[in-house]
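Colleague: sequence isn't available, so here's the structure alone:
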């Protein structure tokens, strides 16, 4: 039997070869569009055609993005909303998740129901806009930071994670005279680093990629984030003034890359957190 | 288990509830920020749906008009275009994405070289994290009808198109819908495989070994072991996503342009343009009404899915 198993492992069938080729092709299909944009962002010619390697290499496109205030200001706004939003989102998720695991707390089920109800029924785009407008939050960064921060789905993920913390730890801390708040930041948070990383990354991606909320709540062009700016550039309604040897197209390509690069840097190191965040929610079946 | 525990606690000590609440004072305080945000951004808007029965009149108080907004909506051809487009685009997208994800996870599962498998996975998950703006920007540049567009240049060089006949894929009525599906598959198929791969890794290897002993081929194993194990996950994924069908917005919105509005208007974009791009005083009442119809259809879909789920799997999803 052992012999059979060894034999099986060594045998490379036609299927395996074809399968490998299929996946190389799929990977190319995904990488080539991104690669093409990267190459063009480093190519200073006016017309690129099919080349998959820069012919007139230069960083002028990127220099333009980071020296032109109409381009680097939106970038900074993206950084600010991502940092603040992720922090606020995590705060609300952990507080809510922690309260929801207090099974003996009077009213616990009512509070849980109150949160879960919002996952099924929502006011919709216009009523939400009118409420935000009434609170005078439109055209301020508060609107785009506050609204994605209260994410019930992430809150439930956090609660699921907290449930895995052994009850004995809470009891021991209580006997030692810890207040709920002390238990929260001395026991719950330090034990939940993996969940904080996963859900924090989910929030960060949401904030960095946010376009819809800016489109709805922000009309003041000084407060646009990078996605808004990128969109109007690509649509051609707002062409950048290129510096040095860069052409308009080089700057467009460079701007697309700038929107992806922060994520590309983090992704290889954090891939397992991204995926565990997905599995935390999905594979509870 | 836990639910009964809490129920017992409530029954056992009705008199000391107040005392009990005193004990949990700290927790109630911690819940206040969560409650504030939930009320402000979920419950206050919910109260605002009464606006659907009024005519918005700027600074003056809105006037009650009964069901006028709904009548107007059902008579508006733009509404029906958007309604049907929403259903068509999101359902076809959902089916295509799920089918592709299943096929790709089955094939990925057959790869024996772990390093190659990991690299492939890293690459195919990548587009999921790009925003819609970036994704559509990348494709706009690749599909551009000028000399710079990779695809058009390729077609011209291959002799399929003649110089000057380049196709403006993003702005062509005939092409837009297909391009929309292609971009969606490109972006989210890889990510969709995660849940199927997790299910696949849960299948006991003994089953495959037994099949090998009985002389089963690779196809037999897929047909009789792998696919039945996946079917439950496929149904879950389909049902959970069917509930989100009506919310289609950003992906369509950033791909839209005036030339393809007949193909590319969905309910959410219809609401947006009717409110913010109408030029005159925005009629919030009308667009709120459209929003209500959208939510109601979404709700019905959720309930129907829940029933189907109960029938097929013996339990609901909500």
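Modeller: Great, that's in hand. Note that the coordinates shown come from a computational prediction; the quantities given were computed from them, not determined experimentally. Numbering: from 1, shown residues only, chains lettered A, B, ... in the order given.
Colleague: give me the nearest residue to the residue of the stretch 1-150 of chain B found nearest chain A, chain neighbours excluded.
Modeller: The minimum distance from the stretch 1-150 of chain B to chain A, using C-beta to the nearest C-beta, falls at residue B:45 (2.7 Å). Every C-beta, even on glycine, is put in place using the N, C-alpha and C of the backbone. Counting by C-beta to C-beta, 6 or more residues apart in numbering or on different chains, the nearest residue to residue B:45 once its immediate chain neighbours are dropped is residue A:123, at 2.7 Å.
Colleague: so the one you found sits against residue B:50, correct?
Modeller: No - Residue A:123 is not in contact with residue B:50 according to C-beta atoms under 8 Å; the separation is 10.5 Å.
Colleague: mind checking which of those two has more residues around it?
Modeller: The neighbour comparison of residue A:123 against residue B:50 (other C-beta atoms under 10 Å in any protein chain shown) goes to residue A:123, with 25 against 13.
Colleague: low pLDDT regions in chain B?
Modeller: Scanning chain B for pLDDT under 70 picks out the ranges B:1-15, B:313, B:315-318.
Colleague: repeat the analysis, applying 50 as the threshold.
Modeller: B:1-7, B:9-10 (pLDDT under 50).
Colleague: and the strands in it, which stretches?
Modeller: For chain B, the strands defined by DSSP state E cover B:54-55, B:63-64.
Colleague: on that earlier part again, got the contact list for the residue of the stretch 1-150 of chain B closest to chain A?
Modeller: Residue B:45 makes contacts with A:122-124, A:127-128, A:130-131, as judged by C-beta atoms under 8 Å, 6 or more residues apart in numbering or on different chains.
Colleague: likewise for residue A:131?
Modeller: A:123, B:40-41, B:44-45, B:48.
Colleague: just the closest of the residues you listed to residue B:269, please.
Modeller: Nearest to residue B:269 among the contacts of residue A:131 is residue A:123, at 18.2 Å by C-beta to C-beta.
Colleague: would you agree that closest one falls within a strand?
Modeller: No - read with DSSP: H, G, I helix; E, B strand; the rest coil, residue A:123 is coil and lies in no strand.
Colleague: how close does it get to residue B:253?
Modeller: When distance is defined by C-beta to C-beta, to the nearest Å, residue A:123 is 19 Å away from residue B:253.
Colleague: now residue B:265: closest residue in space that isn't a chain neighbour?
Modeller: Once flanking residues are discounted, residue B:265 sits nearest to residue B:82: 4.6 Å by C-beta to C-beta, 6+ apart.
Colleague: burial count for the one you found?
Modeller: When counting by other C-beta under 10 Å, one arrives at 24 neighbours for residue B:82.
Colleague: mind telling me which residue is nearest the centre of chain B?
Modeller: When chain B is reduced to its mean C-alpha position, the closest residue under C-alpha atoms, centre = their mean turns out to be residue B:244, at 4.9 Å.
Colleague: ok, it - contacts?
Modeller: Going by C-beta under 8 Å, 6+ apart, residue B:244 touches B:90, B:298.
Colleague: what's the burial count for residue A:15?
Modeller: Going by other C-beta under 10 Å, the residues that sit close to residue A:15 add up to 12.
Colleague: and whichever strand or helix holds it, what does it pack onto?
Modeller: Remark: residue A:15 resides in helix A:14-41, with elements defined by DSSP states H and E. Where contact means 3 or more C-beta pairs under 8 Å, 6 or more residues apart in numbering or on different chains; DSSP states H and E, helix A:14-41 is packed against helix A:248-282, helix B:77-109, helix B:114-125, helix B:132-142, helix B:150-157, helix B:176-201.
Colleague: which of those helices sits most buried?
Modeller: Sort these by mean neighbour count, taking mean count of other C-beta atoms under 10 Å in any protein chain shown, and helix B:132-142 sits at the top with a mean of 24.
Colleague: name the residues that touch that helix?
Modeller: Defining contact as C-beta under 8 Å, 6+ apart, one finds that helix B:132-142 is touched by A:33-34, A:36-37, A:40, A:209, A:211, A:227-228, A:230-231, A:234, A:252-253, A:256, A:259-260, B:127, B:130, B:148-151, B:170, B:179, B:183, B:186-187, B:250-251, B:253-255.
Colleague: ditto for stretch B:108-119
Modeller: A:9, A:15-16, A:19-20, A:23, A:27, B:120-121, B:193, B:197, B:200, B:218, B:226.
Colleague: quick check: end-to-end length of it?
Modeller: 11 Å (C-alpha to C-alpha, to the nearest Å).
Colleague: hang on, the earlier thing: okay if I get the strands of chain B as CSV plus mean neighbour count and distance to chain A?
Modeller: CSV is the format used below for the strands of chain B (neighbours: other C-beta atoms under 10 Å in any protein chain shown; distance: least, C-beta to the nearest C-beta, whole Å):
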stretch, mean neighbour count, distance to chain A
strand B:54-55, 18, 12
strand B:63-64, 12, 16
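Colleague: now the ones you listed as JSON lines including distance to residue B:291?
Modeller: Shown next, in JSON lines, are the strands of chain B (distance: least, C-beta to C-beta, whole Å):
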{"stretch": "strand B:54-55", "distance to residue B:291": "14"}
{"stretch": "strand B:63-64", "distance to residue B:291": "18"}
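Colleague: what is the nearest of the contacts of residue B:45 to residue B:208?
Modeller: Closest approach between the contacts of residue B:45 and residue B:208, by C-beta to C-beta: residue A:122, at 45.1 Å.
Colleague: how far away is whichever residue of chain A sits closest to chain B from residue B:252?
Modeller: As assessed by C-beta to the nearest C-beta, chain B sits closest to residue A:123 within chain A, at 2.7 Å. Distance of residue A:123 to residue B:252, computed by C-beta to C-beta: 21 Å.
Colleague: doesn't residue B:266 make contact with the residue nearest to residue B:265?
Modeller: Yes - applying C-beta under 8 Å, one finds residue B:82 in contact with residue B:266, separated by 5.5 Å.
Colleague: which non-adjacent residue is nearest the closest residue to chain A within the stretch 151-300 of chain B?
Modeller: Closest to chain A within the stretch 151-300 of chain B is residue B:291: 3.3 Å, counting by C-beta to the nearest C-beta. Spatial nearest neighbour of residue B:291, excluding adjacent residues (C-beta to C-beta, 6+ apart): residue A:124 at 3.3 Å.
Colleague: OK, contacts around the one you found?
Modeller: By C-beta under 8 Å, 6+ apart, residue A:124 lies in contact with B:45, B:49, B:271, B:288, B:291-292, B:294-295.
Colleague: hmm, 7 Å instead?
Modeller: B:288, B:291, B:294-295 (C-beta atoms under 7 Å, 6 or more residues apart in numbering or on different chains).
Colleague: gap between the residue positioned nearest the centre of chain A and residue A:82?
Modeller: What sits nearest the mean C-alpha location of chain A, by C-alpha atoms, centre = their mean, is residue A:205, with 0.9 Å. Distance, residue A:205 to residue A:82, by C-beta to C-beta: 9 Å.
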